[in-house]
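Asks: Here you go, sequence then predicted model.
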Amino acid sequence: MALLITIILIFIGAAAVSAYLYWYAFRYEPVNFQLSEVEIYIRNKAEKTEKQGSILQNKMDCRNEEDYPAGFKSEKIIRKPFLEILHLSDFHLRKDWKGSRLFNFIRSLKSLNPDLIFITGDLVEKNENFSYLVEMLEVLEASAGKYAVLGVHDYFNKTPAEFFKNMLKRKKEYKRENDIAGLILKLNSTGIKVLRNEMIFHKFGDLKVVISGLEDSIIRKTDIEAAFARSYKSGDKRGKSIPYSGQDLEFYPVSGFKTGLNSDFATDLDANDLNFKYGRNKFVYREVFKTDPANIHTLNDENRLLICLTHTPDMDLFVDLVKKKTDIILCGHTHGGQVRLPLVGALLAGCNMKVRYCSGLFYFNKFILYTTRGLGEGRYSPFRFYCSPEASLIKIYMQ
């Protein structure tokens, strides 16, 4: 009898734990929306003095004024960011209970009124949800502009079989295509400009802000050379291409860009190596993804901030963007891993990127990467664990 009672209690306990985990992962965490504030610190010029240079080696605590490096203690600089950006991604918007919660959350952000709004793909999965997307986004305003890039789910409406096969082997196209032209028209109607391997310029005081929008690399639509050859000027008629002279962007020369950590491997990359392609070696990655302990980025070109938007983080893509002197890369796709474990973190990135970089802010020697956890999940995997969805208010402080 005692054994039977024990078995029953174990069964009840297991059922209760299972029910809680199901509720948490499928019902609570997917709608536990957060507005994350992200602070980015940038210098317009490299420090020249030994004293200032040593300060740059100290990790900066963004919350304590006394810990800021020299030059960031000014009330003007600390109290007011130079630029505010609302970064949104991965809605996977559907007309269900989760979509309704997301709809209301996004519309609640209308009071932020940032300088710029960036949306980095996977907005919807079906054509039938385009109008719902427009209704959700139309209330958002930004003083300088609203820009978006597209993701794989914007292009394709995956079947269940394609979704699960895709977990084992990535495909670059799928059977059911969405009306991408219709989606772009809908976004344009809300004032959102979709950047498809192209860029646009803004002026903020003496600083030129260059925004480059790249197509999704995971379906092989990225064309970096096209992106840096086609541009628009803020204030000009949208959609009118302006031939790019190249005078505003000076790219890193190929010679001198090293692949290795020591003389045995430090051979120069040739022009073909620097084209966007897969299969780079680990020495290139180690060079490009060296972290900067100072947590302050010095602009690669004085008075010019180059921000690249793309849906999927990709190490090979980032190697090429470093060549183009990119300062900040913003992306989504990973959902922060979607399932995270305490003390362990994310288990999968779902792309050609190390798992530890699948969400958050990272300062590398030549660029800054921010990958958002996004706001939704695919309809065939509608769960999250210890990985709350987020919109990100990025505040850029400039010296």
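Replies: Received it, and whenever you're ready, just let me know what you need.

Asks: where along the stretch 201-350 of the chain do the strands fall?
Replies: 207-213, 230-233, 242-243, 297-298, 304-309, 328-331, 340-341, 345-346 (DSSP state E, counting those that start in this stretch).

Asks: Which one of the ones you listed lies nearest to L9?
Replies: strand 340-341 (27.3 Å; Cβ to Cβ). C-beta: built from backbone N, CA, C; applies to glycine.

Asks: Now do that closest one, average pLDDT.
Replies: Throughout strand 340-341, pLDDT has a mean value of 94.

Asks: and that strand, what does it pack onto?
Replies: Using 3 or more Cβ pairs under 8 Å, 6 or more residues apart in numbering; DSSP states H and E, no helix or strand is in contact with strand 340-341.

Asks: What pairs with it, parallel or antiparallel?
Replies: Here strand 340-341 is paired, per DSSP bridges, with strand 345-346 (antiparallel).

Asks: Please report how far I396 lies from T326.
Replies: 15 Å (Cβ to Cβ, to the nearest Å).

Asks: give the contact list for S131.
Replies: Applying Cβ atoms under 8 Å, 6 or more residues apart in numbering to S131 gives the contacts K186.

Asks: For my notes, confirm it occurs in a helix.
Replies: Yes. The assignment for S131 (DSSP: H, G, I helix; E, B strand; the rest coil) places it in a helix.

Asks: Pull the contacting residues for the closest residue to R196 other than its chain neighbours.
Replies: Leaving aside its chain neighbours, R196 sits nearest to E215 (5.6 Å; criterion: Cβ to Cβ, 6 or more residues apart in numbering). Shown in contact with E215 (Cβ under 8 Å, 6+ apart): 149-150, 196-197, 221-223, 310.

Asks: And this protein, what are its domain boundaries?
Replies: The record's domain parsing of the chain by automatic domain parsing lists 1-31, 35-398.

Asks: Burial-wise, tell me which of these comes out on top.
Replies: domain 35-398 (a mean of 18; mean count of other Cβ atoms under 10 Å).

Asks: start to end distance for it?
Replies: 22 Å (Cα to Cα, to the nearest Å).

Asks: Show me what the most centrally placed residue in the chain is bridged to.
Replies: With distances taken as Cα atoms, centre = their mean, C331 lies nearest the centre of the chain, 1.7 Å away. Beta bridges link C331 to T371, judged by DSSP bridges.

Asks: Return the distance of it relative to S388.
Replies: Applying Cβ to Cβ to C331 and S388 gives a distance of 18 Å.

Asks: Equivalent analysis for A142, please.
Replies: For A142 relative to S388 (Cβ to Cβ), the value is 24 Å.

Asks: do the same with N157
Replies: Taking Cβ to Cβ, one finds N157 at 27 Å from S388.

Asks: What segments of the chain are helices?
Replies: Secondary structure of the chain (DSSP state H): helices at 2-22, 50-55, 75-79, 97-107, 130-137, 152-155, 160-166, 180-189, 224-227, 282-288, 315-323.

Asks: Comparing the domains of the chain, which yields the minimum mean pLDDT?
Replies: When I compare those, domain 35-398 is least confident, with a mean of 80.

Asks: distance between it and the chain's centre?
Replies: From the chain centre to the centre of domain 35-398 is a distance of 3 Å (Cα atoms, centre = their mean, to the nearest Å).
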